[in-house]
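Engineer: what's the 3D shape of this:
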Amino acid sequence: QVQLVESGGGSVQAGGSLRLSCAASGYSFSTYCAGWFRQAPGKEREWVASIASDGTTVYTDSVKGRFTISKDGAKNTLYVEMNGLEPEDTAMYYCAARSSPSCMGTWEYWGQGTQVTVSS
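Structural biologist: Numbering: from 1, shown residues only. The predicted structure follows:
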């Protein structure tokens with residue numbers, strides 16, 4: 001059974017940084033595609049970034065140059081380093097994973113989310 005557990009959320013001022021982590025059990029970030037999504041109050045969930053099994057990374061335009069997605073195979077943990085945070089980044093952030101090396105298609109596994117709040 002796949003379990004994804006996020007941590008690292010919190011409250012920061014604009015311009016600050018946070019690093020979110022996603023620890024997996026029953027799943028290998030080294031083998032498959034994984035990513036981060038977020039959902040702000042009153043808005044639909046949106047894709048933020050993904051990393052394929054070969055390490056290829058892709059980002060939504062609004063976070064390019066500020067967020068960095070990475071993974072540690074030994075720790076079986078997914079990360080997103082978030083710098084230059086803006087109030088618009090305030091959302092619940094979710095770790096997601098697929099049972100495929102490719103990042104195209106349905107995201108099958110989800111964590112419970114971790115809240116990020118950025119104040120101006």
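
Engineer: average pLDDT across stretch 3-20?
Structural biologist: Averaged across stretch 3-20, the pLDDT comes to 98.

Engineer: Let me see the contact set for the closest residue to residue 117 other than its chain neighbours.
Structural biologist: Spatial nearest neighbour of residue 117, chain neighbours left out: residue 11 (4.4 Å); criterion: Cβ to Cβ, 6 or more residues apart in numbering. Every residue, glycine included, has its C-beta placed from N, CA and C. Residues near residue 11 by Cβ atoms under 8 Å, 6 or more residues apart in numbering: 117, 118, 119.

Engineer: what is residue 116 paired to in the beta sheet?
Structural biologist: Under DSSP bridges, the beta-bridge partners of residue 116 are residue 10, residue 91.

Engineer: For it, give its distance to residue 71.
Structural biologist: In this structure, residue 116 and residue 71 are 19 Å apart, going by Cβ to Cβ, to the nearest Å.

Engineer: ok so residue 62 is a helix residue?
Structural biologist: Yes: counting by DSSP: H, G, I helix; E, B strand; the rest coil, residue 62 is located in a helix.

Engineer: Sticking with residue 71, tell me its helix or strand.
Structural biologist: Assessed by DSSP states H and E, residue 71 sits inside strand 67-72.

Engineer: buried ones in that strand?
Structural biologist: Neighbour-count burial for strand 67-72 flags 67, 68, 69, 71 (criterion: 16 or more other Cβ atoms under 10 Å).

Engineer: what's the neighbour count on the closest residue in space to the second one that isn't next to it in sequence?
Structural biologist: Closest residue to residue 68 in three dimensions, ignoring its sequence neighbours and counting by Cβ to Cβ, 6+ apart: residue 81, at 4.4 Å. Residue 81 is flanked by 14 other residues according to other Cβ atoms under 10 Å.
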